[in-house]
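In: below are the sequence and a predicted model for it; my questions follow.
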Amino acid sequence: MRRKFPFIPILIFALVFFCINGYAVSALTPVIPTYLLSWLWVFPAVLLALFTHSILKLSTNGQTIVFKISAHVLLVYFVSLLVFVIAELLTDGYRLILGTATYFGNGNFIYPERPLAAVYLGVLLSAVIIIAFVYGIVKGKYAYRVIRHTLYFDDLPDAFEGFKLVQISDVHAGSLKNPKAVQRGIDLINRQQADLFVFTGDLVNNKAEEIKPYIAHFSQIKAPFGQFSVLGNHDYGDYVKWDSEAVKSENLDQLKKYHAEIGFRLLLDEHVELEKKGQKITLAGIENWGLGFGERGDLEKALQGSAKNEFKILLSHDPSHWEAQVKNHPSKIHLTLAGHTHGMQFGIEAFGLKWSPVQFRYKHWAGIKKENHRFLNVNRGFGFIGFSGRVGIWPEITVIELKKK
């Protein structure tokens with residue numbers, strides 16, 4: 001079945017795009033030769049035309065190289081353009097509202113011209129954005145970071161004092177194109193010497209076969225208490241067309257086999273007990289449950305047979321599940337580990353600032369959250385999808401140490 005062409009969204013985007021572009025051209029007029037200004041109309045028009053044409057081909061050809069290049073260039077151009085326009089709007093707002101106007105009679109006021117320094121500053125900011133995106137596409141998507149948390153609990157069993165776990169999420173193997181870089185990430189995981197390793201979903205983009213080139217890499221991950229995993233929304237193959245439901249089901253069965261081949265114990269609405277020195281904690285995992293992304297998981301089934309107040313860790317791909325069911329569940333779940341958001345692969349986490357557009361969709365999108373004496377950690381993801389890069393939100397390897405309060 002042919003996909004419906006998103007005519008209205010593209011039309012709205014084009015109108016907004018060219019309005020912003022027109023404002024930018026007017027601001028650049030004093031500092032750029034006329035013949036170059038014309039290219040500031042031609043370039044975005046050609047770029048948008050290529051992107052629109054490639055969308056028409058998606059249903060038959062999938063994501064062509066033209067689509068990938070035009071989408072990425074369009075994204076970088078639009079964001080840098082937007083930054084420039086915001087800088088000029090702030091300048092114009094200041095000179096029109098607070099600037100001193102000259103009155104020439106008959107109700108005519110002449111406001112001071114936009115300072116050229118403001119235009120050059122806008123150009124500089126746009127250049128910084130372009131450089132950041134280029135770095136994110138070339139290097140940033142494999143710039144793995146180790147993020148450490150120490151969490152304290154009143155009721156942690158004494159034997160698990162100092163217990164250390166490593167979490168990664170959202171590998172999206174179909175997007176990975178640099179095995180050497182991925183190996184650096186695997187080596188970094190193993191260097192943490194964790195007691196327990198967990199993976200919180202989205203091993204692939206759509207098809208099980210995507211992980212095959214990387215099975216040897218991820219099978220190197222070992223931890224004394226085991227390696228455990230759950231499924232994410234992309235693992236079910238919901239975002240591609242299949243010849244039949246049977247073929248789609250076979251793909252999921254094959255992906256489950258690949259989890260086992262890697263050495264991951266896949267938890268499907270179930271739990272296991274981790275024992276140390278005669279004491280235990282419960283590790284549960286559910287199938288994907290996410291608002292708008294399939295509510296497959298059954299938390300009650302996963303917890304069946306566990307005691308209400310025993311120490312529990314839950315693997316659940318989508319953080320919206322924690323908000324909807326976990327944080328106030330009658331059976332106390334001390335720590336939930338999620339992923340899914342990727343931090344939208346774009347944002348700012350520096351100098352005390354933490355911002356990403358994804359925050360308009362998810363209440364908690366990265367790092368640790370505590371509520372009702374329970375913790376949630378949202379991993380920023382190991383891989384990437386859609387935008388082939390990361391800017392400001394780097395691929396994450398989480399290390400969590402459990403401590404007795």
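Out: Yes, it's here. Numbering: from 1, shown residues only.

In: per-residue pLDDT of residue 272, please?
Out: Here the pLDDT value assigned to residue 272 is 98.

In: OK, contacts around it?
Out: With contact set as C-beta atoms under 8 Å, 6 or more residues apart in numbering, residue 272 has these partners: 228, 265, 282, 283. Using the backbone N, CA and C atoms, a C-beta is placed for each residue, glycine as well.

In: in a strand, that's where residue 274 is, yeah?
Out: Yes - under DSSP: H, G, I helix; E, B strand; the rest coil, residue 274 falls within a strand.

In: and the contacts of residue 272 as TSV, adding pLDDT and distance to residue 192?
Out: Listed next are the contacts of residue 272 as TSV, based on pLDDT from 0 to 100; distance: C-beta to C-beta, whole Å:
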residue	pLDDT	distance to residue 192
228	98	16
265	98	19
282	98	23
283	98	18
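
In: tell me which of these fall in strands.
Out: When the contacts of residue 272 are checked against strands (DSSP state E), the matches are 228, 265, 282, 283.

In: strands of the stretch 151-300 of the chain, residue ranges please.
Out: For the stretch 151-300 of the chain, applying DSSP state E, counting those that start in this stretch gives strands covering 164-168, 196-200, 227-230, 265-266, 270-276, 279-285.

In: need the buried ones from the ones in strands among the contacts of residue 272 selected in ChimeraX.
Out: Filtering the ones in strands among the contacts of residue 272 down to the buried ones (16 or more other C-beta atoms under 10 Å) takes a single ChimeraX command:
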select :228,282,283
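
In: dihedrals phi and psi, residue 335?
Out: Backbone torsions of residue 335, given as degrees, to the nearest 10, read phi -140, psi 130.

In: give me the distance between it and residue 316.
Out: 11 Å (C-beta to C-beta, to the nearest Å).

In: could you do residue 225 as well?
Out: On the measure of C-beta to C-beta, residue 225 and residue 316 end up 19 Å apart.

In: who has more neighbours, the two?
Out: residue 316 (31 against 19; other C-beta atoms under 10 Å).

In: pLDDT at that one, what is it?
Out: pLDDT at residue 316 comes out at 98.

In: and stretch 346-363, how far apart are its ends?
Out: The first and final residues of stretch 346-363 sit 17 Å from each other (C-alpha to C-alpha, to the nearest Å).

In: what does it contact?
Out: With C-beta under 8 Å, 6+ apart as the criterion, stretch 346-363 contacts 136, 319-320, 323, 341-344, 365-367, 378, 387, 390-393.

In: among these, which are in strands?
Out: Short answer: the contacts of stretch 346-363 in strands (DSSP E) are 367, 378.

In: and the protein, split by domain according to the record?
Out: 7-138, 144-404 (automatic domain parsing).

In: deepest in the core, which of these is it.
Out: Mean neighbour count, computed with mean count of other C-beta atoms under 10 Å, is highest for domain 144-404 among the domains of the chain, reaching a mean of 19.
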